[in-house]
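1. From the sequence below, what's the structure:
(4 chains)
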Protein chains: 2
Amino acid sequence: MLAGMSLRIALLGLLSAVGPASGYDLAKKFERSLNHVWQAGHTQIYPELVKMAADGLLAVEAEGARGRKIYTVTAEGDHELRTWMVEHAPAGAVRSEIALQAFLLPLMTRDQAVGVVERIKAEFEARLETLDCKPRDHFGRYALDLGLAQARTGIRWAEDTLADLKDHP
Amino acid sequence: MLAGMSLRIALLGLLSAVGPASGYDLAKKFERSLNHVWQAGHTQIYPELVKMAADGLLAVEAEGARGRKIYTVTAEGDHELRTWMVEHAPAGAVRSEIALQAFLLPLMTRDQAVGVVERIKAEFEARLETLDCKPRDHFGRYALDLGLAQARTGIRWAEDTLADLKDHP
DNA sequence: CAAGCCATGTAACCAGTTACATGATTAA
DNA sequence: TTAATCATGTAACTGGTTACATGGCTTG
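-> Numbering: from 1, shown residues only, chains lettered A, B, ... in the order given. Alright, predicted model coming up:
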């Protein structure tokens, strides 16, 4: 089991959850439901589906108009998904521009720092709002809970940091 | 100002904070202090420093034994750093294997899901512990606070999710 | 003088983004 | 019939990882 197959896993998961779909369908669902967890555009998805079919993880169930291919998960694909979920220790590594800006705050003047933290706060608030609008009955509900909790934590951090910056001028 | 220049910014920030340093020094400091915020190995750092010097953001202050070059931030480099901090709206996008596993939990059996969440919880706990050991007087303290708060949020999410999984078998 | 660490680099590869290209279908 | 949207793809590039290569310095 190689590292960095998250795109495959995400596609297998989506197909398992919503049933047979085309590349276009999957790209839309990526944007609508997986966005806060993983991102991929159609230019990455189309070729990956072809490779996954070649590797036996997916089968082409039907071919419609203008080359539209409907994919389904094979038994092997389902096995791959479950194995990854159960066995793969997720990489906890973070690469966050927000955290980088937070890291560098002490290099800024007080006024610069206040401006930066206020923008970060707004960013977390926007995130909270978009996540809050998503349907709660959805099968990605646990990830939604995590995202909401982390957005609230970010807002609280920004408030505390603003207070701290005002205390120590 | 192009997107995706976070590595440059991180290097400018480190050099500003700790003073003149070589590529090797910076690689070590990356590992020790920036790890929870951004990652970069020496194979990425060395060529980037050369490019940054060519672009006028850094100057080679001295050359020591075995080709060791000591870099300093130029006025232009300092300007670049400040401009990015003050003007660049940080990308909030997340790409997290942990969140992906959380997303896919409803596809698993109850036992599989419990195992996955327990491993995620352990991951957050490990993160909390490593961050807790870092020095608090350090110039990256705000990022450290954010990391600690988010690790605690992750642990709380895992506990809530485990309770939820046990309630609804 | 050998073992181990210090220190710097290159090359090949993989993942992800941006820009470009094309044609089918639908609605005004 | 023209404009918008649906739908699929390719190519070039950027950022990041892994594997490899090399040689100086230090200490037992």
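
2. and the host helix or strand of residue A:25, average pLDDT?
-> Under the criterion of DSSP states H and E, residue A:25 resides in helix A:23-29. Averaging pLDDT along helix A:23-29 yields 96.

3. Could you tell me which residues within it count as buried?
-> A:23, A:25-27, A:29 (16 or more other CB atoms under 10 Å in any protein chain shown). Heads up, the C-betas are built off the backbone N, CA and C, glycines and all.

4. what does stretch A:7-24 give?
-> A:7-17, A:21-23.

5. same deal with stretch A:150-157?
-> Buried residues in stretch A:150-157, counted by 16+ other CB under 10 Å: A:150-155, A:157.

6. One more: stretch A:34-45?
-> A:34-38, A:40, A:45.

7. Equivalent analysis for stretch A:156-169, please.
-> For stretch A:156-169, using 16+ other CB under 10 Å, the buried residues are A:157-158, A:161-162, A:165.

8. which pair in those spans the largest distance?
-> Maximum pairwise distance among those (CB to CB): 12.3 Å, between A:157 and A:165.

9. what residue is smack in the middle of chain A?
-> residue A:37 (1.7 Å; CA atoms, centre = their mean).

10. Quickly note the distance from the spatially closest residue to that residue that is not a sequence neighbour to residue A:150.
-> Distances taken as CB to CB, 6 or more residues apart in numbering or on different chains place residue B:99 nearest to residue A:37, at 4.2 Å, with adjacent residues excluded. Residue B:99 sits 9 Å away from residue A:150, going by CB to CB, to the nearest Å.

11. One more: residue A:16?
-> Residue A:16 is 26 Å from residue A:150, by CB to CB.

12. Let me know whether the helix holding residue A:25 sits next to chain B.
-> No. With CB under 8 Å from any CB of the partner chain as the criterion, chain B is not reached by helix A:23-29; the gap is at least 11.8 Å.

13. and whichever helix or strand comes after that helix, anywhere near DNA strand C?
-> Scanning forward in sequence from helix A:23-29 by DSSP H and E, the next helix or strand is helix A:42-54. Yes. Remark: helix A:42-54 sits within contact range of DNA strand C at A:43-44, by CB under 7 Å from any atom of the strand.

14. for helix A:42-54, packing partners?
-> Packing contacts for helix A:42-54, counted by 3 or more CB pairs under 8 Å, 6 or more residues apart in numbering or on different chains; DSSP states H and E, involve helix A:6-18, helix A:23-29, strand A:58-63, strand A:69-73.

15. quick one: the first one to strand A:69-73, angle?
-> This means helix A:6-18. 90 degrees (axes from the mean of the first three to the mean of the last three CA atoms, to 10 degrees).

16. Which other helices and strands does helix A:6-18 contact?
-> Packing partners of helix A:6-18 (3+ CB pairs under 8 Å, 6+ apart): helix A:23-29, helix A:42-54, strand A:69-73, helix A:75-87, helix B:97-104.

17. Between helix A:75-87 and that helix, find me the angle.
-> 110 degrees.

18. how about the lengthiest helix in chain A against chain B, any contact?
-> Criterion DSSP state H: the longest helix present in chain A is helix A:141-167. Yes. Helix A:141-167 is in contact with chain B by CB under 8 Å from any CB, via A:141-143, A:145-147, A:149-150, A:152-154, A:156-157, A:160-161.

19. between the residues you listed, which is closest to residue B:128?
-> Using CB to CB, those come closest to residue B:128 at residue A:153, 13.0 Å.

20. unless I'm mixing things up, that closest one is touching residue B:147, no?
-> No. Residue A:153 lies out of contact with residue B:147 (CB atoms under 8 Å); the separation is 10.5 Å.

21. Show me which residues of chain A sit near DNA strand C.
-> So chain A meets DNA strand C at A:2, A:4-7, A:39-41, A:43-44, A:65-66 (CB under 7 Å from any atom of the strand).

22. could you dump these to a markdown table with distance to residue B:111 and pLDDT?
-> Converted to a markdown table, the residues of chain A next to DNA strand C look like this (distance: CB to CB, whole Å; pLDDT from 0 to 100):
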| residue | distance to residue B:111 | pLDDT |
| --- | --- | --- |
| A:2 | 26 | 78 |
| A:4 | 27 | 87 |
| A:5 | 24 | 95 |
| A:6 | 23 | 97 |
| A:7 | 27 | 98 |
| A:39 | 31 | 97 |
| A:40 | 30 | 97 |
| A:41 | 36 | 97 |
| A:43 | 38 | 97 |
| A:44 | 33 | 98 |
| A:65 | 43 | 73 |
| A:66 | 44 | 73 |
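
23. nearest to residue A:106, of those?
-> residue A:39 (31.2 Å).

24. excluding its backbone neighbours, what's nearest residue A:48?
-> residue A:7 (5.7 Å).

25. Then residue A:44?
-> residue A:7 (6.7 Å).

26. OK, contacts around that neighbour?
-> A:38, A:40, A:44-45, A:48 (CB atoms under 8 Å, 6 or more residues apart in numbering or on different chains).

27. can you check residue A:21 too?
-> By CB under 8 Å, 6+ apart, the neighbours of residue A:21 are A:14-15, A:29, A:70-71.

28. if we look at the sheet, which residues does it bridge to?
-> residue A:71 (DSSP bridges).

29. so who does residue A:38 touch?
-> Contacts of residue A:38 (CB under 8 Å, 6+ apart): A:6-7, A:10, A:30, B:95-96, B:99-100.
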